[in-house]
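Below are the sequence and a predicted model for it; my questions follow.
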Amino acid sequence: MRKSMVVVEGSYAVAHAVKVCKPNVISAYPITPQTHIVEDLSQFAADGEMNCEYMNVESEFSAISALIGASATGARTYTSTTSQGLALMHEALFNASGMRLPIVMTVVNRALSAPINIWNDQQDSISQRDTGWIQLYAEDVQESADMVPQLFKLSEDPDVLLPSMACMDGFILSHVYEPVILLEQGLTDEYLPPYSPEFMLDPKNPMSFGAFADPSTYTEFRYKQEKAMGEALKKIEEIANEFKDIYGRYYGGLIEGYALDDAEIVIMAMGSVIGTIKDTIDELRHDGESVGLLKVRSFRPFPADAIRAALKNAKVIVTLDKNISIGKNEGALCTEVKACLHNTDTRVPVIGFMLGHGGRDIPMSTIKKIINKAKLVEKGIFVESEFADLREDLA
Amino acid sequence: MKEIRIHGRGGQGSVTAAELLAVAAFEDGKYSQAFPAFGVERRGAPVTAFVRLNDKPIRLRSQIYEPDYVIVQDATLVDVVNVAAGAKPEGFILINTEKSPSSFILNTKAPVKTLDATKLAMDIIGKPIVNTILAGAFAGVSGLINPESIKNAVMERFPGKVGEKNAAAIQAAYDLMEEQR
């Protein structure tokens, strides 16, 4: 495996993955820290390495709007953005999912203004939770790249037809140089068939997308989107396994456990912090502590059944969130996990920690501090949810 | 695992130095990771970049607080940034300066190694760009990376004359600093 690896920047690995997926139309607007992905893609297009219409536009709202049009004509479409750019797309994100257009977008996760901050957290994609887009979160560069063909395959599945976000942590993954296997064209052609939708905009066969639905039919559009998410839930594991068969790599489908089976304290998290948690768990396990990890790869659809099954032996559940629902004093993963356990027999404490906002670093010492707090739960010292890395001098 | 922290100023190529070390170490058979701690990018502002080297794949994503090695591209940073913070005594702090190691009073048990990389850069490359030279010097003092791998990485990144001059400068820095290992 080492032999086929090269050390490249995370953004380049993702851009290369997009290239081998042979998109017909790319439209994007550069914004830190997504910039390198679209620079590399526009270079590929300019050099003729990609047979693709690369549309330069004046904003993210235009980028997503252009892709909605292009996707409706049956084109395979890709974009990438972050933070304010994703927020600007918000209105059109509902259009893309409501029209059932399988657009794939890499979200290079970054904090939202104000105050202005260009660094990583996951508030941007979490804030788009209810737009009807599939959301997967990547742990490392390889997974960020491999998600691109996986998500095209998933989104374009006739039973799914939903747009999707491949979420990768800004700077931490987009700007890191590490060994990766650049996706092979031959394997990708084998894995990902061309997109051939049943319905598309065609002058010879005129039809409308998303035009109008009155109260007599609107509800059923939403119902069918939810049903499609249910199909995606079944297929994420399937496409991950097919990916494994062809490329030999696997990250878990919906979730992935690490030192999980006998773990009394289970940490749940999403994204690049997973690697740091795994190293921390190795140390703590070496010291005889019963700690495990449940990586949540798919946030939408939310794999409630899989999570319930994975948590059945847990004594304390700890969620980590790089976001906050202000006014609820907890992050989105925390809320979801609590909710999915509520109508079950699993009556164990769930404690939530918010951390890593606006690029605040997450060293192993922060994870250890959190685990120490989780240990206090058994002594009855219980915090529902709190910031894990507040600066006492500023708080 | 070995961890390196690089201090420089915006425009001095600290991130490129980190990248070159990661590419070279991987060619040597190690796993590697290089990443910047971006500030608000502007020329002249202090910049930090990090490198990790290990025998197995690297999962840890946090910044580096207790580096085995520190590389300082610009000696004026010593007055601005605590370059010695957390430095391990078994490693070293490599500073680009015309001064001797003893002229730096740093709060650390890590030994200071110095090299006039700017002069070497002017003599060989013709420009005061020291990042590749310090990568070569690091390889010389640490013995962790094959200088040929760094030269290959530079030649790949900067093909032609620029790469050749840098490769020559890397070898010169390596030879000078190997004695200080």
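Structure received. Note that this is a predicted model, so its numbers are computed, not measured. Numbering: from 1, shown residues only, chains lettered A, B, ... in the order given.

element containing whatever residue of chain B ends up closest to chain A, please.
Residue nearest to chain A within chain B (C-beta to the nearest C-beta): B:Arg59, separated by 3.4 Å. Every C-beta, even on glycine, is put in place using the N, C-alpha and C of the backbone. Assessed by DSSP states H and E, B:Arg59 sits outside every helix and strand.

Model confidence for it, exactly?
We note a pLDDT of 98 for B:Arg59 in this prediction.

so what's A:Arg308 up against?
Residues counted as contacts of A:Arg308 (C-beta atoms under 8 Å, 6 or more residues apart in numbering or on different chains) are A:340-341, A:344, A:346.

for it, helix, strand, or coil?
When classified by DSSP: H, G, I helix; E, B strand; the rest coil, A:Arg308 comes out as helix.

From B:Lys113, how far out is the residue nearest to B:Ala110 when sequence neighbours are not counted?
Closest residue to B:Ala110 apart from its sequence neighbours, by C-beta to C-beta, 6 or more residues apart in numbering or on different chains: B:Ala87 at 4.0 Å. Here the criterion is C-beta to C-beta, to the nearest Å. By it, B:Ala87 lies 12 Å from B:Lys113.

residues shared between the contacts of the two?
Between them, B:Ala87 and B:Lys113 share the contacting residues B:Ile93, judged by C-beta under 8 Å, 6+ apart.

So which of the two has more stuff around it?
More neighbours surround B:Ala87 than the other of B:Ala87 and B:Lys113, with 24 against 20 (other C-beta atoms under 10 Å in any protein chain shown).

doesn't that one fall inside a helix?
No: assessed with three-state DSSP, B:Ala87 is coil; it does not lie in a helix.

Can you give me the pLDDT of it?
With respect to pLDDT, B:Ala87 scores 98.

Check B:Asn107 too.
B:Asn107 carries a pLDDT value of 94.

Can you get me a residue count around it?
When neighbours are counted by other C-beta under 10 Å, B:Asn107 comes out with 8.

how about stretch B:149-167 as PDB, C-alpha atoms only?
What follows is stretch B:149-167, C-alpha atoms only, in PDB (Å, rounded to 0.1, in the frame of the first residue of the first chain):
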ATOM      1  CA  SER B 149      15.500  12.600  -0.300                       C
ATOM      2  CA  ILE B 150      15.300  16.300   0.500                       C
ATOM      3  CA  LYS B 151      17.100  17.200  -2.800                       C
ATOM      4  CA  ASN B 152      14.700  15.000  -4.700                       C
ATOM      5  CA  ALA B 153      11.700  16.600  -3.000                       C
ATOM      6  CA  VAL B 154      13.000  20.100  -3.900                       C
ATOM      7  CA  MET B 155      13.800  19.100  -7.500                       C
ATOM      8  CA  GLU B 156      10.300  17.800  -7.900                       C
ATOM      9  CA  ARG B 157       8.700  20.900  -6.400                       C
ATOM     10  CA  PHE B 158      11.000  23.300  -8.200                       C
ATOM     11  CA  PRO B 159      12.200  21.700 -11.500                       C
ATOM     12  CA  GLY B 160      15.100  23.100 -13.400                       C
ATOM     13  CA  LYS B 161      17.700  25.700 -12.400                       C
ATOM     14  CA  VAL B 162      15.900  26.800  -9.200                       C
ATOM     15  CA  GLY B 163      15.800  23.200  -7.900                       C
ATOM     16  CA  GLU B 164      19.400  22.500  -8.800                       C
ATOM     17  CA  LYS B 165      20.700  25.600  -7.000                       C
ATOM     18  CA  ASN B 166      18.600  24.700  -4.000                       C
ATOM     19  CA  ALA B 167      19.800  21.100  -4.100                       C
END
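
could you check the distance from A:Met200 over to A:Lys224?
A:Met200 is 18 Å from A:Lys224, by C-beta to C-beta.

When these two are compared, which one has more neighbours?
Set side by side, A:Met200 and A:Lys224 show more neighbours around A:Met200, with 16 against 12, by other C-beta under 10 Å.

any idea which helix or strand carries the residue of the stretch 151-300 of chain A found nearest chain B?
As assessed by C-beta to the nearest C-beta, chain B sits closest to A:Gly275 within the stretch 151-300 of chain A, at 3.4 Å. Taking DSSP H and E as the criterion, A:Gly275 maps to helix A:273-286.

in that helix, what counts as buried?
Counting neighbours by 16 or more other C-beta atoms under 10 Å in any protein chain shown, one finds that the buried residues in helix A:273-286 are A:273-281, A:284.

Can you pull the residues of chain B lying near chain A?
For chain B, the contact set with chain A under C-beta under 8 Å from any C-beta of the partner chain comprises B:18-19, B:22-23, B:26, B:31-36, B:38, B:40, B:57-63, B:65.
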